[in-house]
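1. this one's structure only:
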């Protein structure tokens, strides 16, 4: 994540069916189903063993979840999945837009003409991201991405 919006994990509880119950340092608790990436990605193959998956721990500083064998998943990716899987797909889309362009909360606020606080509410899933705001992100991306040759619309 860019800027000063790093999400950190406070606690992790591995559950059955490749699900982690995560407590974030902001106090939110959200489950994350990792079955799809564990079965799709070769690098996560060892986590298919329930005994290995069950050994999930919070990594140093809460920046990731770690397992034996140097396996880990970053807090930012887990946060994105948690939002998406728990009814906050628009928030996940919003933070992907910010990350793709390396925008801090303040830079995103300036780009969209809204307050930094409102950007933080959207990125945390605390408030729903209005459709017009997602369209504004796409418009900003088209305008700025075209100049950089990186539009993702």
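-> In hand now; what should we look at? Owing to the predicted nature of the structure, the values given are computational and were not obtained by experimental measurement.

2. ok, residue 126 to residue 24 distance?
-> Using Cβ to Cβ, to the nearest Å, residue 126 is found at 12 Å from residue 24. Using the backbone N, CA and C atoms, a C-beta is placed for each residue, glycine as well.

3. Comparing those two, which residue is more hemmed in?
-> residue 24 (19 against 12; other Cβ atoms under 10 Å).

4. And the strands in the protein, which stretches?
-> 9-15, 19-24, 29-33, 57-58, 64-67, 71-74 (DSSP state E).

5. Return the most buried member of those strands.
-> Comparing the strands of the chain by mean neighbour count (mean count of other Cβ atoms under 10 Å), strand 64-67 comes out on top with a mean of 20.

6. who touches residue 114 in this structure?
-> residue 133 (Cβ atoms under 8 Å, 6 or more residues apart in numbering).

7. Can you report phi and psi for it?
-> phi -130, psi 170 (degrees, to the nearest 10).

8. gap between it and residue 106?
-> 11 Å.

9. swap in residue 31?
-> In terms of Cβ to Cβ, residue 31 sits 31 Å off from residue 106.

10. ok, now residue 22?
-> From residue 22 to residue 106 the distance is 27 Å (Cβ to Cβ).

11. How about residue 92?
-> Counting by Cβ to Cβ, the gap from residue 92 to residue 106 is 21 Å.

12. out of those two, which sits in the more crowded spot?
-> Higher neighbour count among residue 92 and residue 106: residue 92, with 20 against 14, using other Cβ under 10 Å.

13. mind checking the longest helix of this protein?
-> helix 131-148 (DSSP state H).

14. Tell me how the chain divides into domains.
-> What automatic domain parsing lists as the domains of the chain is 9-84, 88-148.

15. Just put the ones you listed in TSV and tack on mean pLDDT.
-> Shown next, in TSV, are those (pLDDT from 0 to 100):
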stretch	mean pLDDT
domain 9-84	95
domain 88-148	90
